[in-house]
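Colleague: what's the 3D shape of this:
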Amino acid sequence: MTCVWWKQQAWAVVAMVGLLMTGGLRAEIPATATLVDAESTLFFTHAVNMPEFREKADNTNLGKLFADESMKPFTDHLEQLIWDEWTARHSEPDVTFEDLVKLPSGEAAMILSKLEDGTIGSSMILDVTDRKAEVDDFLKKAENSLIAEGAKKSTSTVSGIEIVFYDVPAPETDGLLRKAGEKGSLYYFYAEDCLAMATNKPLLTAIIERLKNPEKPFNLEDDAEFSRIMKACAAQAGDLNPDARGFVRPFPLAEASRAERDEPWDEYEDGPDPLRIAREAGFFKLEAIGGYLNLDIDRTYDTMWRAMVIAKPPYEKGMRMMKTPAGEMFKLPGFVPADVASVVTVFWDVKEAFEGFASVFDAYIEEPNAFEDLIESQKDEEYGTGIDMREDLAGLTGNQALFIGDVRLPVTTNSRQNIMAIQTTDPERLAANIAKSFKGDPNTKTRTVNGHLFYEVSDEPPPPTPEDPNPKPLPPTGVAVAFGHLLISSHIPMMEKILQYSEGEQSSDWKALGPDDTEYNFVMKLLDQKVEGPESFRGFDRVTQSVQPTYELIKQGNLRDDDSLLGRILQLAIDDEDRFRKIKGELLPDYEVVRRFLGPGGFSGKTEDWGWSVFGFTLRK
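Modeller: Okay, the predicted model is just below:
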């Protein structure tokens, strides 16, 4: 069985190395995907022209940032930590990740696969044509490092190709990605201008079989979801060939990752199982995500990406929450402040979403019809609120919504603040119904800002755990009806900021996000040029503001508390409190250094008959 270390570090490899293993594609179908088994593939990222990709990557905003001298102490530290895991040693390695990513002369691929026991195995396939001297030198140095630290080497032969195996010793202490006592396994072969590495011999054997017989059926190019995604991307991209392709089956990957756990999920200790809830609520309808990535385009775009989400209708249960009908994008209302970090406009069937939420609620509570029972109980004037949630709340919403994100400085664990604004069809009636629903609630108090009434809703602290015996309550949230919208904020300061707006003539202190904002206006014009036809959603992002909380929390040593998507990915990769402490965030430079390397971005999404297609980009600084 593949060692736990390699399975656990698969996510880290994806996050920290996977993008380095991707490059530009030739016009014809690349050979690498034909070497990959379709049925077992959970994640796939592919490249063809590695030297070209590296050159482009170095010229991007991030490439220039990581090349900056001020970042070198941290990048050197991080590379050493990761490579220590690879070699099970804690001294200067003979080979580095830089040596590895320089090896391919053409194609490169990284794959995460589901093994027979339900867990994850990882593999790499590199085209190393005309790199024999470099490959021989790399393999020799790697072997010297492994043998010096006690690794045991053995060989076997499959279809005339020699497979080399290293039984890697366990570290004595916990590392960034591998715990003390966890042994490692590494298999590789080098033949026919191909260098392939894997954590499991059957994975490598399968690659050899397809290398010897490229016509063997059921490779990844034959997969229905993979093929649909790549054809859709190609149709939208036109003559622009991608620099990278990616593909993932999110829920099968999550289930395989769950199989890595030492113990089964305990809902009493770990809380409600998100995978169980997703399955029961119907979200496993989301089958696959994949797309194209391009770098350094026309001296304008830093990155450009196309993502396809396969989730074929009909949408039932919780998937009813995902219905986003298309329409002509609406103008931002004046209450969106000019200095926010991000804003997303979306056409959203809120009434359908309300009905779909019932499945999520029932799965969370683990009782059938729990949400319907709640609706009925709230109708009672004596024991409930006297409100019909379906008719008196959800029934008064429109089909347009805004999601506004902001960052409150200085950065703390509560710096990310968001507000959802849902269009209403009868603001006065909705406001009266909300007032009635909150009447007498001991956890709610009324506040007034700039003449606008809103409700500050507090919550009880979560139950204590061994890790946190004295948990703090979550920050109060805010609810209001103003400017023809139902406003729901994650934090009170965000609500107070929005309510400073006054309809009609504005004071000189108020600046709204719109055409007068240079960054926003430029991003919207580019989206108008690139996207044709009705859209379902559109977004704008000031990357300099959006990533600052994650950066500062890493610098403070509080990455565990970051609830952003990037933060969650990094947490999943590291997955251990002791390992978090090994990251020396204090080596990062001041964020003002980072700020000058990052440009804004935008994206647009359309609803398709098989799911969604999304186009997005970030701009050169």
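Colleague: In the stretch 1-150 of the chain, where is pLDDT below threshold?
Modeller: 1-31, 82-93 (pLDDT under 70).
Colleague: quick one: strands adjacent to the helix or strand harbouring residue 612?
Modeller: Using DSSP states H and E, residue 612 maps to strand 611-619. As defined by DSSP bridges, the strand partners of strand 611-619 come to strand 301-310 (antiparallel), strand 601-608 (antiparallel).
Colleague: now these in JSON lines, with mean neighbour count and mean pLDDT?
Modeller: (C-beta placed from N, C-alpha, C; glycine too.) Output for the strands paired with strand 611-619, formatted as JSON lines (neighbours: other Cβ atoms under 10 Å; pLDDT from 0 to 100):
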{"stretch": "strand 301-310", "mean neighbour count": "22", "mean pLDDT": "98"}
{"stretch": "strand 601-608", "mean neighbour count": "21", "mean pLDDT": "98"}
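Colleague: out of the ones you listed, which comes closest to residue 443?
Modeller: strand 601-608 (36.2 Å; Cβ to Cβ).
Colleague: For stretch 415-432, measure first residue to last.
Modeller: 32 Å (Cα to Cα, to the nearest Å).
Colleague: list the buried ones in that stretch?
Modeller: Within stretch 415-432, the residues scored as buried using 16 or more other Cβ atoms under 10 Å are 415-424, 427, 430-431.
Colleague: could you point out which element follows the least confident helix or strand in the chain by mean pLDDT?
Modeller: Ranked by mean pLDDT, DSSP states H and E, the weakest helix or strand in the chain is helix 4-16, scoring a mean of 35. Next helix or strand after helix 4-16 toward the C-terminus (DSSP H and E): strand 41-47.
Colleague: From the chain's centre, how far out is the helix or strand following that following strand? Work that out for me.
Modeller: Under the assignment DSSP H and E, the closest C-terminal helix or strand after strand 41-47 is helix 50-58. Centroid displacement of helix 50-58 relative to its chain, using Cα atoms, centre = their mean, to the nearest Å, is 23 Å.
Colleague: Name the residues of helix 50-58 that are buried.
Modeller: Buried residues in helix 50-58, counted by 16+ other Cβ under 10 Å: 50, 53, 54, 56, 57.
Colleague: now stretch 509-521
Modeller: Buried residues in stretch 509-521, counted by 16+ other Cβ under 10 Å: 512, 513, 517, 519, 520.
Colleague: Please identify which of those is nearest to residue 280.
Modeller: Distance to residue 280, by Cβ to Cβ, is smallest for residue 513 among these, at 39.1 Å.
Colleague: my read: the closest one touches residue 336, true?
Modeller: Yes: at 4.6 Å, residue 513 counts as touching residue 336 under the criterion of Cβ atoms under 8 Å.
Colleague: Could you name every residue contacting both of the two?
Modeller: Shared contacts of residue 513 and residue 336, defined by Cβ atoms under 8 Å, 6 or more residues apart in numbering, are found at residue 343.
Colleague: Check the gap between residue 460 and residue 131 for me.
Modeller: Using Cβ to Cβ, to the nearest Å, residue 460 is found at 61 Å from residue 131.
Colleague: more neighbours, these two?
Modeller: The neighbour count for residue 460 versus residue 131, taken as other Cβ atoms under 10 Å, is higher for residue 131 (19 against 9).
Colleague: Can you give me every residue that contacts that one?
Modeller: Residue 131 neighbours (Cβ under 8 Å, 6+ apart): 103, 104, 105.
Colleague: from those residues, which single one is nearest residue 288?
Modeller: For the contacts of residue 131, the nearest to residue 288 is residue 104 (25.8 Å; Cβ to Cβ).
Colleague: Could you give the number of residues near the closest one?
Modeller: 27.
Colleague: what secondary structure does it sit in?
Modeller: When classified by DSSP: H, G, I helix; E, B strand; the rest coil, residue 104 comes out as coil.
Colleague: how about low-confidence regions in the chain?
Modeller: For the chain, the stretches flagged by pLDDT under 70 are 1-31, 82-93, 171-183, 262, 465-467, 504-508, 571-580.
Colleague: what's the domain layout of it?
Modeller: Listed domain ranges for the chain are 4-222, 250-619 (source: automatic domain parsing).
Colleague: The buried residues of stretch 509-521: which two are farthest apart?
Modeller: Across the buried residues of stretch 509-521, the longest distance by Cβ to Cβ is 14.1 Å; it joins 512 and 519.
Colleague: ok, and what's touching stretch 462-475?
Modeller: Contact partners of stretch 462-475, identified using Cβ under 8 Å, 6+ apart, comprise 269, 414, 458, 459, 460, 461, 490, 491, 492.
Colleague: Run through the helices of the stretch 401-550 of the chain in chain order.
Modeller: 427-438, 492-498, 518-530, 543-546, 548-556 (DSSP state H, counting those that start in this stretch).
Colleague: ok so, going back, with distance to residue 207 as added columns, please give the buried residues of stretch 509-521 in JSON lines.
Modeller: Shown next, in JSON lines, are the buried residues of stretch 509-521 (distance: Cβ to Cβ, whole Å):
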{"residue": "512", "distance to residue 207": "56"}
{"residue": "513", "distance to residue 207": "50"}
{"residue": "517", "distance to residue 207": "51"}
{"residue": "519", "distance to residue 207": "46"}
{"residue": "520", "distance to residue 207": "47"}
